[in-house]
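Chemist: predicted model and sequence follow; I will ask about them next.
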Amino acid sequence: MKKIVLILDGMADRRQAILDNQTPVEYAKTPTLDRLFSQSVSGCVKTIPDGEEAGSAVANLNLLGFESKKVYKGRAVIEAAGAGLSIDPESLYVRTNFITLSGESYDTSQIESYSAHELATEDAVRLGKRLNTELFKDGFELKSTGSFRNVLVCKNQTHLLGKLDFMPPHDIIGKAIKDYVKDDADNAPFFALQKQSYDILKKDNDTKANAIWFWGVSVAPDFSEQNSDRKAILAETILMKGIGSMMNAYVTTTDESRGFIQFLKDKAKAAIETIHGDYDFIYVHIQAPDDLSHELQPKEKSEALAEIDEYFLGPFIDGLKDLDYRLAIASDHYPFSDDGSHGRSPAPFILYSPGEIQDNPLKTFSEENCINSNLEITPQKLHEMLGKTK
């Protein structure tokens, strides 16, 4: 039997005024998801353990069957692996965004864009080389991982894990950065580097990237404890590619350059082919709902969910006919599309098995209906349910 997990990253949300006080998934037309929900076990899965970082890294690690508290040592090193960089266990890795600040000065500025308005990779590489020449020295090196994303590699600095306190920039869009600056002995040098980057980038720079922002401090994780299933991950983000690489799974990506609808069609085909291949556990990840949440676009998020239902989920389910499988569909966490922040509530999920059709009286998929199913489980329990014998 095939065990399949489909993650619609960031699907879950709260009600939005612009969507007639509905959540994006409630507002969207999702007939396939609703049909599966009506035939599935439904509930909520606690993807973010108490006291742990609320975000995609922790959530997806738990949904992959790991205990994030044991293996997760921060995000940046995973992204470094996803970008194909060699990992040094003695180095500290810090996720570093090119950002856009607005305001008359650095000290009075706010974060306008956590991605420098989707900075092009070629511009990021050029600006990164400039910062490595003019700013970073003494064992610090900025490495581009694509678009606005970078990793700062800090040699022999692993002792700083747990001591540095950086807010993710997508969580503080429109907020004054002075409220998030720390001046203790460990943090102050890094915040000084951020300020110096502003002084450098505001000169002779025709892009919208006028500063950097640190977050996601990490060291190499330990993925040694995992079961013997043959695993495949269909990834889009550098984070998911990094997780797959470090856990020695088969990782494949789908070209996104031909538009979202064509991407969904191609990803459905790739997922079907992978599932029919020599793998026991297949993890399919779709990123768009999370991105649109952090871009504060609830209407576009709802439209994307409708397109996922039509162009991915429908053909995907049709392509699994006559196959023995169980399928979990879940949001990994709650990102809120009105302010870009993350919630910690257990995420909605369904567990569908074509050989064990349920009669769910609630009929339509929504966050509220998953809550009203009165089933709250851990990701480990979800994996038990996926793997149980009939």
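Modeler: All right, it came through fine. Residues are numbered from 1 along each chain as shown.
Chemist: going by C-alpha atoms from here, please, whenever you check contacts or count neighbours.
Modeler: Fine.
Chemist: contacting residues for Val217?
Modeler: When contacts are counted by CA atoms under 8 Å, 6 or more residues apart in numbering, Val217 is found next to 74-76, 92-95, 161, 164.
Chemist: next up, phi/psi of it, please.
Modeler: The phi and psi torsions at Val217 (degrees, to the nearest 10) take the values phi -70, psi 140.
Chemist: distance of it from Leu164?
Modeler: 7 Å (CA to CA, to the nearest Å).
Chemist: give the buried subset of the contacts of Val217 as a ChimeraX selection command.
Modeler: Those of the contacts of Val217 that meet the burial criterion (16 or more other CA atoms under 10 Å) are gathered into one ChimeraX selection, given here:
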select :74,75,76,92,93,94,95,161,164
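Chemist: can you put the contacts of Val217 in TSV and add pLDDT?
Modeler: Listed next are those as TSV, based on pLDDT from 0 to 100:
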residue	pLDDT
Gly74	87
Arg75	85
Ala76	89
Leu92	97
Tyr93	96
Val94	96
Arg95	95
Leu161	94
Leu164	95
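Chemist: distance to Tyr311 added to the contacts of Val217, as CSV?
Modeler: Rendered in CSV, the data for these read as follows (distance: CA to CA, whole Å):
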residue, distance to Tyr311
Gly74, 34
Arg75, 31
Ala76, 32
Leu92, 41
Tyr93, 38
Val94, 37
Arg95, 33
Leu161, 43
Leu164, 43
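Chemist: out of the contacts of Val217, who's nearest Glu104?
Modeler: Distance to Glu104, by CA to CA, is smallest for Arg95 among the contacts of Val217, at 26.3 Å.
Chemist: give me the secondary structure label for that closest one.
Modeler: Three states are possible here, and by DSSP: H, G, I helix; E, B strand; the rest coil the one that applies to Arg95 is strand.
Chemist: next, count neighbours for Ile171.
Modeler: One correction, residue 171 is Asp, not Ile. Counted by other CA atoms under 10 Å, the residues lying close to Asp171 total 17.
Chemist: I'd guessed it sits against Ser337; true?
Modeler: No. Taking contacts as CA atoms under 8 Å, Asp171 lies outside contact range of Ser337: 11.0 Å.
Chemist: mind listing what's buried in the top helix by length along the chain?
Modeler: In the chain, taking DSSP state H as the definition, the longest helix is helix 260-275. Residues of helix 260-275 classed as buried by neighbour count (16+ other CA under 10 Å): 260-261, 263-272, 274-275.
Chemist: would you say Ile317 is within a strand?
Modeler: No. Assignment of Ile317 by three-state DSSP gives helix, placing it outside any strand.
Chemist: how about it, what does it touch?
Modeler: Contacts for Ile317 (CA under 8 Å, 6+ apart) come out as none.
Chemist: ok, it to Leu33 distance?
Modeler: 10 Å.
Chemist: next, count neighbours for Glu134.
Modeler: 12.
Chemist: so the residue nearest to it when sequence neighbours are not counted, which state does it fall into?
Modeler: Nearest-residue entry for Glu134: Ile200, 7.9 Å, with adjacent residues in sequence omitted and distances by CA to CA, 6 or more residues apart in numbering. Following three-state DSSP, the label given to Ile200 is helix.
Chemist: do you know how far Asp324 is from Tyr352?
Modeler: In this structure, Asp324 and Tyr352 are 12 Å apart, going by CA to CA.
Chemist: so for these two, which residue has more residues nearby?
Modeler: More neighbours surround Tyr352 than the other of Asp324 and Tyr352, with 23 against 12 (other CA under 10 Å).
Chemist: that one against Gly43, yeah?
Modeler: No. At 12.0 Å, Tyr352 does not count as touching Gly43 under the criterion of CA under 8 Å.
Chemist: helices of the stretch 101-250 of the chain, start to end?
Modeler: With helices called from DSSP state H, counting those that start in this stretch, the stretch 101-250 of the chain shows them at 121-134, 188-201, 238-246.
Chemist: which other helices and strands contact the first one?
Modeler: What it means is helix 121-134. Under the contact criterion of 3 or more CA pairs under 8 Å, 6 or more residues apart in numbering; DSSP states H and E, the helices and strands touching helix 121-134 comprise strand 140-146, helix 188-201.
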